[in-house]
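Engineer: quick one, what's the 3D model for this:
(chains A and B)
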Number of protein chains: 2
Amino acid sequence: MTAKKAALTIVDVTLRDGSHAMKHAFTEEQIRDTARGLDEAGVPYFEVSHGDGLGGSSLQYGFSAIDELKLIAAAKEVCQQAKISVLLLPGIGVKEDLEAAVTAGAEMVRVATHVTEADVSKQHIELGRKLGLKTVGFLMMAHMAPTAKLVEQAKLFEEYGAEIVYAVDSAGALLPYEVTEKIGALRQSLSIEIGFHGHNNLSLALANTLAAIDAGASYIDGSLRCLGAGSGNTQTEVMAAVLDRLGYETGVDLYKIMDVANNVVAPYMPRPQEITGGSLILGYSGVYSSFLLHAGAAAKRFQVDERDILIELGRRKAVGGQEDLIMEVAAEIARS
Amino acid sequence: MTAKKAALTIVDVTLRDGSHAMKHAFTEEQIRDTARGLDEAGVPYFEVSHGDGLGGSSLQYGFSAIDELKLIAAAKEVCQQAKISVLLLPGIGVKEDLEAAVTAGAEMVRVATHVTEADVSKQHIELGRKLGLKTVGFLMMAHMAPTAKLVEQAKLFEEYGAEIVYAVDSAGALLPYEVTEKIGALRQSLSIEIGFHGHNNLSLALANTLAAIDAGASYIDGSLRCLGAGSGNTQTEVMAAVLDRLGYETGVDLYKIMDVANNVVAPYMPRPQEITGGSLILGYSGVYSSFLLHAGAAAKRFQVDERDILIELGRRKAVGGQEDLIMEVAAEIARS
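Structural biologist: As a prediction, this is how the structure comes out:
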């Protein structure tokens, strides 16, 4: 590849999406060591929050071992150039959480909503801008909406003042041709920058990221050693190597990003991010990972295959909060 | 996807490429259990041999714990429909090995050569046909040859009588656009069927396989839970799920292939097939995995970064047998 390619901005989510895989038990030392490595490797942005965003520490989403504001401050301490992002899901996090995160050192906020619910984000996007943050709209479970709906919702984010809008493949369910279609439509319809956040449940996180870039995305997420929910994310250091081979500018030093992945993150990972039975069927059915545990319990109770339950939930487009549906579906399968 | 897609033939290589990851120590019981699972899941072909093919058991390539003819016979015992393939690298395996493998139950042979050396395979291809085997040419390290050279070599295989010819991405170094170009050229230039064998060093094994299918490949390799050399292969059960989503016919039962992956193979894997520092740099530099250990030793001796050694070896297009070059390169880097 000789042609000069557009510059891409990598956002590393090891210290946020990885929080799921760590059962929200990151220590300040782990955060500092990882943050230092990301900073020295030239990663421009990385995210630090509870896996479910600011304020996520709770009985429902899992309590954080260490308060996330402390973790953000620990990360900030060691950064020379990298900027810290925080995730905020309106309803889980509140405006005061964002203000406190900014005091602790955050310079970017990603306001995340279900793909059909961008309208709950207006005041949070406005607050992000008012606080002087790089302000991002983050449309989760992007595979669940037809492309026209995704574009409509992304336009709401743009209208509220977001500077970037992401299509987020939370369930790792998208196939490359679908990413091409969705990101291409966003690129055509919006004037702000477009981002893509992939998961590896179908072993296509990097392929989807490359499809997104080809279709016009300029912000791309990854996590070191894939540390994240489900089968984990696009692997940051592998993405850096492949983008280098393809001739893209990311500003990331390949050896240094490999070193933080393999020498800092790998040793604290509780388990490798393989594609197992559970994570594969989540990607295949397009169901979010929080359903897996409940489906397993329902499968046992009704003596049915949990995969049948998850696939049926995917067919019904079940979303977070509809966990009651799981028992209903399991009972129906048992009867049929 | 509503359009009916062409049928694809999956060849599972867990019990051959996986032999590398198992240090060539498969037991008959592991072989039987895996073979039974593959057979019941409807996989049409699977490969059983030493990782380096028939006759690979040796000081240089690693001794097999159990004679591979016994392993082939154990696999054959439990198969109702699946056919057993063997790999043969002329020079490592000899014609008598192939005859013995046929007696033990093999019905397909894949004659493997370096991408520029198909001409060493003539008599083995002819023998495969004479023995009534499905006979395949297998061009390894396909990333090292320009497309025109790859096509020229594939045509030799066709001329000798091969029924299928594979482009084999042994180092996991190919990017999807390169696969599209190579497989497309093979499809245009040959009348026999085309196959693709991927490795996951750059997290693109499945993406490359999809690119190969789009460009005209009809035989595709995978291994359960990625068990194989380097970062492992395209993950068979994930490939089955994605091909199902895309509307392709493979004849493979998704739940059953998942069960053999997760209940039979995962428990005997010595380690997960993650993309670590070593495997990533092999894919990035396009160097075969046998160089990794030697490069590590040379790096220590000359106090240089092993990644610099591997990348320089890739630049020089070093191939198996040129291990002497490693010390030379390390010494040069140390001087510069």
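
Engineer: going forward, measure contacts between C-alpha atoms and count neighbours the same way
Structural biologist: Noted.

Engineer: residues touching the strand ranked longest in chain A, excluding its own?
Structural biologist: Taking DSSP state E as the criterion, chain A has its longest strand at strand A:106-114. Under the contact criterion CA atoms under 8 Å, 6 or more residues apart in numbering or on different chains, strand A:106-114 has outside partners A:72, A:76, A:83-90, A:120-121, A:124-125, A:128, A:132-142.

Engineer: next, the buried residues of it.
Structural biologist: Along strand A:106-114, these residues count as buried under the neighbour rule (16 or more other CA atoms under 10 Å in any protein chain shown): A:A106, A:E107, A:M108, A:V109, A:R110, A:V111, A:A112, A:T113, A:H114.

Engineer: parallel or antiparallel, which strands does it pair with?
Structural biologist: In the sheet, strand A:106-114 lines up against strand A:83-88 (parallel), strand A:134-140 (parallel) (DSSP bridges).

Engineer: list the helices and strands the following helix or strand past it packs on?
Structural biologist: Next in sequence after strand A:106-114, counting helices and strands by DSSP states H and E, comes helix A:122-130. Contact here means 3 or more CA pairs under 8 Å, 6 or more residues apart in numbering or on different chains; DSSP states H and E; on that basis helix A:122-130 packs against helix A:95-104, strand A:106-114, strand A:134-140, helix A:147-160.

Engineer: helices or strands up against the worst-scoring helix or strand of chain A on mean pLDDT?
Structural biologist: The helix or strand of chain A with the poorest confidence is helix A:291-302; it has a mean of 91 (mean pLDDT, DSSP states H and E). Applying 3+ CA pairs under 8 Å, 6+ apart, we find helix A:291-302 packed against helix A:306-315, helix A:324-335.

Engineer: pipe those helices into TSV and attach mean neighbour count, mean pLDDT and distance to A:A173 per row.
Structural biologist: Shown next, in TSV, are the helices and strands packed on helix A:291-302 (neighbours: other CA atoms under 10 Å in any protein chain shown; pLDDT from 0 to 100; distance: least, CA to CA, whole Å):
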stretch	mean neighbour count	mean pLDDT	distance to A:A173
helix A:306-315	21	95	10
helix A:324-335	16	94	19
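
Engineer: out of those, which is closest to chain B?
Structural biologist: helix A:306-315 (8.2 Å; CA to the nearest CA).

Engineer: that closest one relative to helix A:324-335, how many degrees between them?
Structural biologist: Orientation check (axes from the mean of the first three to the mean of the last three CA atoms, to 10 degrees): helix A:306-315 against helix A:324-335 gives 120 degrees.

Engineer: using CSV, list the CA coordinates for helix A:306-315.
Structural biologist: The C-alpha coordinates for helix A:306-315 follow below in CSV (Å, rounded to 0.1, in the frame of the first residue of the first chain):
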residue,chain,number,x,y,z
GLU,A,306,-30.0,-22.5,26.5
ARG,A,307,-29.1,-21.8,22.9
ASP,A,308,-32.7,-22.2,21.9
ILE,A,309,-33.7,-19.7,24.5
LEU,A,310,-31.1,-17.1,23.4
ILE,A,311,-31.8,-17.6,19.7
GLU,A,312,-35.6,-17.1,20.4
LEU,A,313,-34.8,-14.0,22.5
GLY,A,314,-32.8,-12.6,19.6
ARG,A,315,-35.6,-13.3,17.2
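
Engineer: what does that helix contact?
Structural biologist: Applying CA under 8 Å, 6+ apart, the set of residues contacting helix A:306-315 is A:281-282, A:284-287, A:291-292, A:295-296, A:298-299, A:325-326, A:329-330, A:333.

Engineer: picking that back up, how about the strands paired with strand A:106-114 in TSV, adding mean neighbour count?
Structural biologist: TSV is the format used below for the strands paired with strand A:106-114 (neighbours: other CA atoms under 10 Å in any protein chain shown):
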stretch	mean neighbour count
strand A:83-88	26
strand A:134-140	26
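
Engineer: I'd like these as JSON lines, with mean pLDDT appended.
Structural biologist: Shown next, in JSON lines, are the strands paired with strand A:106-114 (pLDDT from 0 to 100):
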{"stretch": "strand A:83-88", "mean pLDDT": "98"}
{"stretch": "strand A:134-140", "mean pLDDT": "98"}
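
Engineer: any idea how far A:S231 lies from A:I281?
Structural biologist: 11 Å (CA to CA, to the nearest Å).

Engineer: please read the previous query as pertaining to A:F291.
Structural biologist: 11 Å.

Engineer: what's the closest of the helices and strands packed on helix A:122-130 to A:A7?
Structural biologist: Closest approach to A:A7 among the helices and strands packed on helix A:122-130 is made by strand A:134-140 (17.7 Å; CA to CA).

Engineer: quick one, which of A:F291 and A:I281 is more surrounded?
Structural biologist: A:I281 (28 against 20; other CA atoms under 10 Å in any protein chain shown).

Engineer: state the phi and psi torsions of the more buried one.
Structural biologist: Here is the backbone geometry of A:I281 (degrees, to the nearest 10): phi -70, psi -30.

Engineer: contact partners for it?
Structural biologist: A:R307, A:L310, A:I311.

Engineer: so what pLDDT did it get?
Structural biologist: We have a pLDDT of 95 for A:I281.

Engineer: from chain B, how far out is A:G195?
Structural biologist: Noted for A:G195: a distance of 20 Å to chain B, by CA to the nearest CA, to the nearest Å.

Engineer: count of residues packed around that residue?
Structural biologist: When neighbours are counted by other CA under 10 Å, A:G195 registers 30.

Engineer: wait, it touches A:A217, no?
Structural biologist: Yes. Between A:G195 and A:A217 there is a contact at 5.1 Å, judged by CA atoms under 8 Å.

Engineer: burial count for A:R271?
Structural biologist: Neighbourhood size, A:R271 [other CA under 10 Å]: 12.

Engineer: how much space between it and A:G18?
Structural biologist: For A:R271 relative to A:G18 (CA to CA), the value is 12 Å.

Engineer: again with A:A104
Structural biologist: From A:A104 to A:G18 the distance is 20 Å (CA to CA).

Engineer: these two: who's more crowded?
Structural biologist: Higher neighbour count among A:A104 and A:G18: A:G18, with 27 against 20, using other CA under 10 Å.

Engineer: hmm, that one is touching A:L227, no?
Structural biologist: Yes. Contact criterion CA under 8 Å: A:G18 and A:L227 qualify, at 4.7 Å.

Engineer: how about the residues of chain A near chain B?
Structural biologist: Within chain A, the positions adjacent to chain B are A:202-204, A:206-207, A:225, A:238-239, A:241-242, A:245, A:258-259, A:262, A:272-277, A:280, A:284 by CA under 8 Å from any CA of the partner chain.

Engineer: how does chain A divide into domains?
Structural biologist: A:9-268, A:290-335 (automatic domain parsing).

Engineer: looking at the helices and strands packed on helix A:122-130, which is closest to B:K23?
Structural biologist: Of the helices and strands packed on helix A:122-130, nearest to B:K23 by CA to CA is strand A:134-140, at 42.5 Å.

Engineer: what does that closest one rub up against?
Structural biologist: A:107-116, A:118, A:125, A:128-129, A:150, A:154, A:157, A:161-170.

Engineer: pick the one among the buried residues of strand A:106-114 closest to chain B.
Structural biologist: Of the buried residues of strand A:106-114, the one sitting nearest to chain B (CA to the nearest CA) turns out to be A:H114, at 23.4 Å.

Engineer: quickly list what the closest one is bridged to.
Structural biologist: Where A:H114 sits in a bridge, its partners, by DSSP bridges, are A:M140.
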